[in-house]
Structure formats: structure tokens, C-alpha cells
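> for reference, the sequence and a predicted model appear below.
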There are 2 protein chains.
Amino acid sequence: MSHTVEILSVGTELLLGNIVNSDAQALSRELSGLGLNVLYHSVVGDNPGRLKAAVELARSRADVIVTTGGLGPTCDDLTKQTLAECFGKTLIYHPECAQGIRCFFHRMGKEMTDNNLQQAYLPEGCEILDNDWGTAPGCAFEADGTYVVMLPGPPRECLPMFQERAAPWLARLSEGVIRSRTLRVFGLGESAVESLLRDRMNELTNPTLAPYAKEGEVELRITAKAETEEAADALIVPVEREIRALLGDLVYGADVSGLEQVVLEGARDRGLTLGTAESCTGGLIAKRITDVPGSASAFLGGVVSYHCEVKAGLLGVSQALLDEKGAVCAQVAEQMAQGARRALGCDLAVSVTGVAGPDPDERGNPVGLVYTGLATPDGCWVKKLNLASPGARRDRIRTLAANHALDMARRWLAGLEPTGQDVQRGWTD
Amino acid sequence: MSHTVEILSVGTELLLGNIVNSDAQALSRELSGLGLNVLYHSVVGDNPGRLKAAVELARSRADVIVTTGGLGPTCDDLTKQTLAECFGKTLIYHPECAQGIRCFFHRMGKEMTDNNLQQAYLPEGCEILDNDWGTAPGCAFEADGTYVVMLPGPPRECLPMFQERAAPWLARLSEGVIRSRTLRVFGLGESAVESLLRDRMNELTNPTLAPYAKEGEVELRITAKAETEEAADALIVPVEREIRALLGDLVYGADVSGLEQVVLEGARDRGLTLGTAESCTGGLIAKRITDVPGSASAFLGGVVSYHCEVKAGLLGVSQALLDEKGAVCAQVAEQMAQGARRALGCDLAVSVTGVAGPDPDERGNPVGLVYTGLATPDGCWVKKLNLASPGARRDRIRTLAANHALDMARRWLAGLEPTGQDVQRGWTD
């Protein structure tokens, strides 16, 4: 019977809605990965009384308590004091922590104000979790059968602290391991994927199979629990094979960061270079490609041709065409992609032109009308899309448009028809 | 004494970390805006026993309970049944809801499966909250002094449902209103801002003043409570004046989406056009500018010159310079910005070249070394930055680099020294 966890986040800014509780999400993923069973998230403000009550509650309904926030140097930061009190421990000054905090400020070339040393007081007998990503050290201890881990609030500190420091301490609690593999699906909606797989999902218990809607795509998460990683992975293999057989080339990758990573690796493997020509996505595709470390090995660059003069000037799109048909049409998408190949000197170029909204364009083209293009050494393809849907705002339309453009490159690199089902060949080939 | 609220979110996907609880953030903002006092967030899975216990707990410590999730058509969706049980109400079939659900499917051109009609059962005597954004209606009722609101989980349904349906129902509970104003600060870290303002923050009770660290910048939120919006706003004015007097031109805006919005509006107001030339930020700046609806009124486009050939070819950066010094130096940043002005035909261009990591570049330039440039009709400026810090990964370095580039444009448009403190004039002027 696996251990139960409550994640207790402390901070009035969460209750005011100033920030989203991304720590709780990140830690839930990590804890599940350790085979621990997260049963509750709770959030309280910087209030000693309510925090104390929340700790007592957590203690009564979970055997692992992971707190986030309230470890900092300000008077609002009361997590350590309150937890220590609840578990009958006193706070002790740790010179080595004080030294670590001084070093941090030194490395950052900043002055340290004395209140920062408050962070060097930690519960007696705790294991100190050093913070290489900020100033507030975390800590962990066991008391009366409850395991307590305290982590700083800033997400850039909280997650690495958990992965590097807390996870090894908690590992002893996990019976067996949970492994999961995430298949990424593009070109089919969540409800369609779910109705295809519903019966299987209900049958499966170990591994489990669950779909999650992402912006414009679907993730299928296969999660197995076993004694060892190898045994868990072995449980996953046949289910993955089954899904791939069912969904075919709609499955574009497994455990990848997104279409951009698959496109980059596909190009790199074939020794081809990439470029982009973006209008309504405004640099989003190039940004996503260069989010991937090492993208310079295949990505040469891009042109954000937001205005028509830039489409004509840098990409060589026909001015006559722009005058006659405007920027939102298949031929412009095609000429943008071909122009990017020429201007950037790359082998493959994707292009996007369309109406992201909030308003129709000056020619009355509706929000959500988007053309994506792909230019390759052996031809050019264009895809016409209507990305409008209830509640689909500018950012979603831009994300979907970027996904479709990247998927055309992904499919071509995999030897598939770039436009998928609804083929619309370009004009010049 | 204002009402106290607990937001209770229901869904195992939250506890697995598959999604972040953005509903809790959005609703906290809205509820605070109504003058209600959110004291707790809690999350439980799709488990009747734990959900029931969580409802009883919420009832004991708050007088308003807002639930999200678990209103859908699947067997996992038990929020309505459980809440009705806790408050001794039976679920009643509402034909008009059934009709609404049928209409929704019709509008979406989809087949409705019968299990969807489960969503037409709602607690007796409740107020129905129609859902124009999805299929599951919400509801609200008062029982034994507790006010209960149930909303669907999908964020694109939850927030509009609250704003359009639940807020009017809850308005009767609010005494006075809470208003807040967020000043955005760039160029000073959170701890520095806080140490400057700590005493004032402790003195202030209404309005309150609180700093929040954002990626590479700081938000200062002033929150006031009063009988009317006007009275609350009047309380905010002197505090804002005080902060602006203290921080001067480090305050770049109030209630704005970010530096990109301020730069766009500054350029628009002066009838100037904008462009970008990006290397290590790879399109991030252009993407952020075009995130802003209506950006086409000032933004012409950009060049993502990830490889040197593109810097030389499209931006006219000197090949000799690139050969001699490589891409990461002040002169290249300057020539990129000037080249963007020429190539894009814009009045102002910002540029970025540097090392985002994870590894040093081939010339051994360290991760975090970045040069940002600004080309204007009356000269060019370059800023040298070291953005390395513990835990500063690729994405953070890119975000900081984009912020610095945008801030140079922001400062020039405001008639300030573009590079701020550490001035480093360009060479050609």
C-alpha cells in the first residue's frame, strides 16, 4: 500500500490569484513518478493560525507532507516556524547554510541584507536540502511517522530542489517504481482519440492509458507500475505498439517536447537545414524551434513578414499577387515558403499566413482562416485551415497554425504526404 | 466582515500533475474583485469519500464554496451528486438544460451521446448557471448559511461561466469592492525592490503593497478595498505616486501585459514602426510583440538570423567582422539592429546576439553573455549583459535578453538613455 501525499502551498499571492500554483503540478508529476500517491493539494495564505490548522489536517490525512513557499527572508515567511511548532521541533541556526547564502549573493555579485540569514534557521535534526537555485534552503524530516519536506516557492527553485535534493530523500518510501511514456498525437481531437480508445482504456489497469488534450494536439500517457524500471517499461511496450498500430502516422513521437523537436531531429538525421517564414504566427515557430537546445545544428533562421512590404521585400512574394489577393491566400503561403528557402539558403522552409484575430482582416477574411506552406527540394505544399472554434482566441489560433506548419515538415521528413488527408498541391510543381 | 471563500477543485488529473489548476487562479482574481476573501484552495480526486470529507471541511471553514470540475457526463463526474448529498438535496432533471445541451451539440455539428443528458440533473431549488461555452451547466444555491457555486472544469468554460453567471449571483454577498493596480518594474531585482519598500509595505494596510517576481522583472501590486471602485482607486493613487517617485523610470507601466505592449504603444503614439533582428532569442521578441492584438499597427516584421550566413545575407552584417570576432560581440549586435532597419524599412529595430546555452559557443563565449542593440533614426546603442546566474537556464536567459532589448526601445521612446545605467554607445554615431 503506497504512501499518501498532501502538497501544501503557502502564499497569499496564490489566494489572490496573482500567480498560478505551478509548483503543485510539477511536484505532483514528480511524486507520482516516485510511486507516491498524491491525494490532496491545499493552499493557505501567510497566516500562522490557518497554516497551523492546515498542517494538522494534512498530517491527519496523508503520511507525506510537501510544503512549497514561505521559506524566504521576509516576515511573511512562516512555513518553517509553523511546521517546526506543529512537530515539536525548535529552529536551529546552521552556519553552513548562512555561508551558502553568502556565497549565493557573492556569485550573483549582489549585497546580502542581514534578513537573509533568517533562512539559515532550520528545524533540529532535519536533513538540509541545499538550494543551488536561490537563497532559501529547504529541509526534510520524519516525525511520528509523518514525512515532511519543505521547498521554496519560486518554480525555478522548487522543481530542481525536488528533483536533486528531495527525491533521493523520499525514494526510500516508494515501493516499486512508476514509469510512464507519453505518445504525442497530432491531427485528431481528444474526443475522437478517446472514443477510439475508450474500451481499451477501461480494460487496462497496469499499465493505465489516459489521453490529455494539449493546445492543438493530444497526449496519450501510458503509466505502468512494477518492481523495477525494466519491468515497468516492459509493461508499456505492447500497449504502445497497439496504439501506434491503431493511430498510425498520427502518432508523431514519444516522450518528445513537441513537433519542433521531431522536425529538428528529422532534418538533422537527413543532413537538411530548416527555415521559417511567418506572418500571423509572428515568430512563434522560430521561437519554438530555438527553444530546443542544439537547434543551431539544423535551423538557419527565419523571416517574420508581418507586413506585406516585408513579404515582398525579403521573401520575394509577388507584389501583384499581394495587391490582387491580399496576404491571406494559398499562393502567398507558397511563395513565402519558397522565398524563405532562397533568402535563408535552407533546404526546408515552412510558412504561415492567416488571420489570428481578434478581428477579421481588412479584406474581410474571417478569424481562423490560415494557410500553411512547406517548400522542399522536391516541391511545395500548401494547406488551408479553418482554426476558428468557440473560445478559440488569438493565442490558440497561433499555436494551432504553428503546429500544422511543423506537422507538414514532420510528415515530409517521414516520407508521408505533407498535408495529410486534405491534400492541396502547390501550383508550381 | 467580508465573506470567506474556499475554492474546491475536483479532478484526479490535477493530482497527477497532468494539468495546472488555472481555474483556482482565475477564480481567486475574480472573487477578490468582488470583495470576497479567498482563504483556501483545495484539490481532491474523483473519489466520493474524499470529496465528501473535503466539502464538509470547506463548509466548516468558509461560508462560500466554489467548486470546479466534475460536472461532465462521465462516471468520474461526481461533484453534483456529492454536493447535493452533503447539503441534503436531491438531483432533479431539468428538461430546459437537456434542450440546451442538445443545442450545443447541434451548434458544434456533433452527435450527442445519451450520457450527456446526465448533465441536466441539478440540485433541487438551485439557480441554474447556463453554460454557453460547453455542455455542462453549473448551479448555485444557499443552504444553512453556506453559499455553493459549482462550475465546470475546462478553463475556457469556467472563467466565462463565473464572470457571466456566478458573479451576479454572488454580488449580493460582497461588501465593498477590492481594486488593484500593478506597476511593472524592470531593471531591479525583487529583493532590491523589497528592501527599498519593506518599511512602507509593512506600514500599509489599505491599500496593501506587495512585490511579485516575474521572469526578469518585478510586479508591484497595490490593492485597496473600499465602498466603491472610485473610493478604492482614490486610495491607490498616492501610493502609486510614491512608488514612481522612488523607483523613477524603472517603473515602465501600470496594468500592462509587458514591455512589448509599452513599446508597441510608445511607437504607435509617435507614428514610428518597429522591427527585430534576433539570434539567440530566435524569434521570441517578435512572438511577444505579435502576442499583442493590433500589433500590426506598428510592427513590420523581423529577421531571425540564427546562423551567420543569415546575419550577413539578410542583415548585411560584415562577413569580415563575423570571421574575426564571431557572432557574439557588440559590433554584430549593432550591425544587426541597423541591418534590420534597412531590410525591414522600420524606424526602430532591436537586436539580440548571445549565448543562451546550455553550452558555451564554439569560440568559448560563456553561457549568458548577450549583447542587445537598438537602432533608431538618431543613433544606435548596444548593451552588454551577463545573464548567467545559478539555475538560469536557456529559457530564462532568452526571456531576460528579450526584456533588455525591449527595454532599450521603451527607454528611447520615453526620451531616456536607452541603455540605462551601464551605457555603452555604439560605434557609428
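Nice, thanks for sending it over.
> pick out the residue nearest the middle of chain A.
Among the residues of chain A, residue A:257 comes closest to the average C-alpha position under CA atoms, centre = their mean, at 7.4 Å.
> that residue is in contact with residue A:289, isn't it?
No. Contact status for residue A:257 versus residue A:289: not in contact, 10.8 Å apart, counting by CB atoms under 8 Å. All C-beta atoms are positioned from the backbone trio N, CA, C, and that covers glycine.
> what residues does the stretch 151-300 of chain A have near chain B?
By CB under 8 Å from any CB of the partner chain, the residues of the stretch 151-300 of chain A that approach chain B are A:154, A:156-157, A:160, A:210, A:212, A:221, A:276, A:278, A:280-287, A:289-291, A:293, A:295-296, A:299-300.
> looks like residue A:131 contacts residue A:150 (just checking).
No. Taking CB under 8 Å as the definition, residue A:131 is not a contact partner of residue A:150, at 11.0 Å.
> what are the pairing partners of the helix or strand of chain A with the lowest mean pLDDT, and which direction each?
Sorted by mean pLDDT, DSSP states H and E, the helices and strands of chain A end with strand A:208-214, the least confident at a mean of 78. Pairing partners of strand A:208-214, with direction, according to DSSP bridges: strand A:217-226 (antiparallel).
> next one: the partner strand to chain centre, how far?
Strand A:217-226 has its average C-alpha position 15 Å from the chain's average C-alpha position, going by CA atoms, centre = their mean, to the nearest Å.
> residues in contact with it?
A:32, A:35, A:176-186, A:188-190, A:193, A:197, A:206-212, A:232-236, A:239-240, A:243, A:251, A:259, A:403, B:18 (CB atoms under 8 Å, 6 or more residues apart in numbering or on different chains).
> give me the distance between the residue located most distally from the centre of chain A and chain B.
Relative to the mean C-alpha coordinate of chain A, counting by CA atoms, centre = their mean, the farthest residue is residue A:320 (42.2 Å). Here the distance between residue A:320 and chain B works out to 20 Å (CB to the nearest CB, to the nearest Å).
> what's the mean pLDDT across the helix or strand harbouring that residue?
When secondary structure is defined by DSSP states H and E, residue A:320 falls within helix A:319-325. Summarised as a single mean, pLDDT over helix A:319-325 is 97.
> what's the following helix or strand after it?
Toward the C-terminus, helix A:319-325 is succeeded by helix A:330-344 as the next helix or strand (DSSP H and E).
> on that earlier part again, contacting residues for the residue farthest from the centre of chain A?
With contacts defined as CB under 8 Å, 6+ apart, residue A:320 is in contact with no residue.
> which SS class is the residue nearest to the centre of chain A?
With DSSP: H, G, I helix; E, B strand; the rest coil as the basis, residue A:257 sits in coil.
> how confident was the prediction at it?
Per-residue confidence (pLDDT) for residue A:257: 89.
> so how many other residues sit close to the closest residue to it other than its chain neighbours?
Leaving aside its chain neighbours, residue A:257 sits nearest to residue A:292 (6.6 Å; criterion: CB to CB, 6 or more residues apart in numbering or on different chains). Residue A:292: 21 surrounding residues under other CB atoms under 10 Å in any protein chain shown.
> same check on residue A:142?
Based on other CB under 10 Å, the number of other residues close to residue A:142 is 17.
> and the gap between it and residue A:66?
Shown here: residue A:142 relative to residue A:66, a distance of 13 Å by CB to CB, to the nearest Å.
> where do the helices sit along the stretch 101-250 of chain A?
In the stretch 101-250 of chain A, the helices defined using DSSP state H, counting those that start in this stretch lie at A:155-161, A:167-171, A:190-203, A:229-247.
> I'd like those as TSV, with mean pLDDT and mean neighbour count appended.
Shown next, in TSV, are the helices of the stretch 101-250 of chain A (pLDDT from 0 to 100; neighbours: other CB atoms under 10 Å in any protein chain shown):
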stretch	mean pLDDT	mean neighbour count
helix A:155-161	91	22
helix A:167-171	89	16
helix A:190-203	82	14
helix A:229-247	95	15
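> compare these and give me the one nearest residue B:48.
For these, distance to residue B:48 was read as CB to CB. The smallest value, 18.8 Å, belongs to helix A:190-203.
> now do the closest one: distance to the chain's middle.
With CA atoms, centre = their mean as the basis, helix A:190-203 stands 24 Å off its chain's centre.
> that helix vs strand A:217-226, what angle?
Helix A:190-203 and strand A:217-226 meet at an angle of 10 degrees, taking axes from the mean of the first three to the mean of the last three CA atoms, to 10 degrees as the criterion.
> got the angle for helix A:190-203 vs helix A:229-247?
Inter-element angle recorded for helix A:190-203 and helix A:229-247: 130 degrees (by the same axes, to 10 degrees).
> so what touches helix A:190-203?
Contacting residues not belonging to helix A:190-203 are listed as A:185, A:188, A:208-213, A:218, A:220, A:242-243, A:246-247 [CB under 8 Å, 6+ apart].
> show me which pair in those residues is furthest apart.
The widest separation within the contacts of helix A:190-203, taken as CB to CB, falls between A:213 and A:242 and amounts to 21.1 Å.
> contacting residues for residue A:396?
By CB under 8 Å, 6+ apart, the contact set of residue A:396 is A:215, A:216, A:387.
> so among those, where is pLDDT lowest?
The member of those with the lowest pLDDT is residue A:215, and it reads 73.
> got the residues of the stretch 301-429 of chain A near chain B?
Within the stretch 301-429 of chain A, the positions lying close to chain B (CB under 8 Å from any CB) are A:301-307, A:309-310, A:313-314, A:343-345, A:357-358, A:390-391, A:394-395, A:398.
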